[in-house]
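> A structural model of the following input is requested.
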Amino acid sequence: DGTGILAPTNTLMQVTTGTTTNPSNVVGTAPVVVEEFETSVNVAPWRGNPRFVDIMIVTPATLPNLLGDYHLAQSSPAVDAGAESRGAIQAPGVDIDGDLRPAGSGYDMGADEVDVTGNAFPVTGMLDTFNRPNSNNLGANWGGQTSRFAIAGNALQVTAANLSTVHWSAQSFGPNQEAFFTFTDIAANAQEVGLLLKLNGNNAASTNMSTINVNYDRRPGQGNVQIWTHQGSQGWRLRAVFPGVVFNVGDQLGARTLADGTVNIYRNGVLLGTANATGGQNPLWPTSLAAGGGRIGIYIVSPANSARMDNFGGGDVPPVFVQVAAEESNLIQPVLPDTYEVNPLRLMYEDNSIYLPAITAP
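Numbers count the residues shown, from 1 in each chain. Below is the predicted model:
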């Protein structure tokens, strides 16, 4: 006769009206997604007749990124609360994004699976601990402006002023890669200290090189982390800024970049924010460079002896760890600048006339 009640299991519910009780259900709890729908509309009269009876135009005042992101956040009660099967019906082996499930200790409710382990950082090992006698020779595994650095106190110290950059020359890595180091000293006058990813070319002081630079900027009025790109005809381009970020002695700066151009920023293994190196203002960084690999390294624009780094590492990120970082909540939202100034010291290319020689501190 069309009457009856529902018997849901492993379901998020706001009320239980019209259902049978089952202990696998979660009742009265918000699902906790990455970002809920938020929008407004503009209503304008078609003719402006004071009788308010004419046809009106209603248009959504919504940008695509305000339409919500209904992937589960890691704190969602749906995580690990689903079921592997119901009767003879088996849960799918992948979620709506094609990610394998289950990812944790159990299936998540609904169509999305949160891969908690996929956000671990780093997943690669250290390449150089710098635990060797003090020396101006970094070793055969390093390339670039090696004369502007030294091994001091079992750490890597920048010994020259202005632009100084080195890279791990022993090997190149694929399109999904990460890099990291730990600050062991940050002087009061330290300015820009960061990481290089997907570096191609002789070194990061060459006009024709291409790279992604994740840069911690400590200059007055800054105090942020930036994503820069470089390509021969484009030069340096600022793609995103994450404001209000501070790194102290003992903190690890980390970055992971994926084949689609995604760049994730980490502090002590915790994801701070994410943006895309192919975004921002024109000209855009080529997607072919984002989809390619390259070397990793260190890029510094700062006075001599103003920074020391330890435990440099990185490499290829296994496919199981390549996931959508937006499934994290409470991230710092990037600012995509319309205008910006490039530090002139970044333009001290070795292959043009304004390059300044290394000035080594005594």
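
> CA only for contacts and neighbour counts going forward, please
Will do.

> residue ranges with poor pLDDT in the stretch 101-250 of the chain?
Residues of the stretch 101-250 of the chain meeting the criterion pLDDT under 70: 104, 115-119.

> Let me see the ranges of the helices in the protein.
Listed in chain order, the helices of the chain (DSSP state H) span 287-290.

> Nearest residue to the middle of it?
Asn264 (1.1 Å; C-alpha atoms, centre = their mean).

> who does that residue bridge with?
Listed beta-bridge partners, Asn264: Arg256, Thr274 (assigned using DSSP bridges).

> for Ser85, same thing?
Gln90.

> From Gly313, how far out is it?
Ser85 sits 42 Å away from Gly313, going by C-alpha to C-alpha, to the nearest Å.

> now do Ala88
From Ala88 to Gly313 the distance is 48 Å (C-alpha to C-alpha).

> Look at the two and report which has more neighbours.
Taking neighbours as other C-alpha atoms under 10 Å, Ala88 and Gly313 compare with Gly313 leading, 22 against 6.

> give the contact list for the more buried one.
Contact partners of Gly313, counting by C-alpha atoms under 8 Å, 6 or more residues apart in numbering, are 124-128, 179-181.

> Out of the residues you listed, who's the most crowded?
Phe180 leads those on contacts (other C-alpha under 10 Å) with 32 neighbours.

> Who's the closest spatial neighbour of that one, skipping the chain neighbours?
Gly254 (4.2 Å; C-alpha to C-alpha, 6 or more residues apart in numbering).

> Quick check: the one you found touching Glu178?
Yes: Gly254 is within contact range of Glu178, at 7.4 Å (criterion: C-alpha atoms under 8 Å).

> Now for those two: what residues contact both?
Common neighbours of Gly254 and Glu178 (C-alpha under 8 Å, 6+ apart) are Pro122.

> Quickly list the domain ranges of this structure.
As assigned by automatic domain parsing, the chain contains the domains 1-32+73-115, 36-66, 126-347.

> So which of those domains has the densest surroundings on average?
Highest mean neighbour count among those (mean count of other C-alpha atoms under 10 Å): domain 126-347, with a mean of 20.

> what's the straight distance from one end of it to the other?
Start-to-end span of domain 126-347 (C-alpha to C-alpha) is 30 Å.

> what about it, distance to the chain center?
Taking the mean of its C-alpha atoms, domain 126-347 sits 12 Å from the chain's own mean (C-alpha atoms, centre = their mean, to the nearest Å).

> measure Ser135 to Ala150 for me?
Counting by C-alpha to C-alpha, the separation of Ser135 from Ala150 is 6 Å.

> ditto for Ala7
Distance of Ala7 to Ala150, given as C-alpha to C-alpha: 69 Å.

> before we move on, what about Val225?
25 Å.

> Also Leu12?
Distance from Leu12 to Ala150, by C-alpha to C-alpha: 58 Å.

> Which residues are in contact with Ser135?
150-152.

> Just the pLDDT for the residue nearest to the centre of the chain.
Asn264 carries a pLDDT value of 94.

> Could you measure from it over to Glu113?
In terms of C-alpha to C-alpha, Asn264 sits 20 Å off from Glu113.

> cool, Tyr70 as well?
Counting by C-alpha to C-alpha, the gap from Tyr70 to Glu113 is 11 Å.

> got it, and Asp128?
36 Å.

> what do you get for Lys198?
Lys198 sits at a distance of 30 Å from Glu113 (criterion: C-alpha to C-alpha).

> same thing with Leu258?
Leu258 is 20 Å from Glu113, where distance means C-alpha to C-alpha.

> Kindly report the same for Ala7.
Counting by C-alpha to C-alpha - Ala7 and Glu113 are separated by 24 Å.

> so who does the residue nearest to Ala78 when sequence neighbours are not counted touch?
Once flanking residues are discounted, Ala78 sits nearest to Met109: 4.9 Å by C-alpha to C-alpha, 6+ apart. By C-alpha under 8 Å, 6+ apart, Met109 lies in contact with 10-12, 78-83.

> which one of these sits closest to Thr159?
Closest approach between these and Thr159, by C-alpha to C-alpha: Val79, at 49.4 Å.

> Now for the closest residue to that closest one other than its chain neighbours: which residues touch it?
Residue nearest to Val79 in three dimensions, not counting chain neighbours: Asp108, with 4.5 Å by C-alpha to C-alpha, 6+ apart. Counting by C-alpha under 8 Å, 6+ apart, Asp108 makes contact with 78-83, 102, 114.
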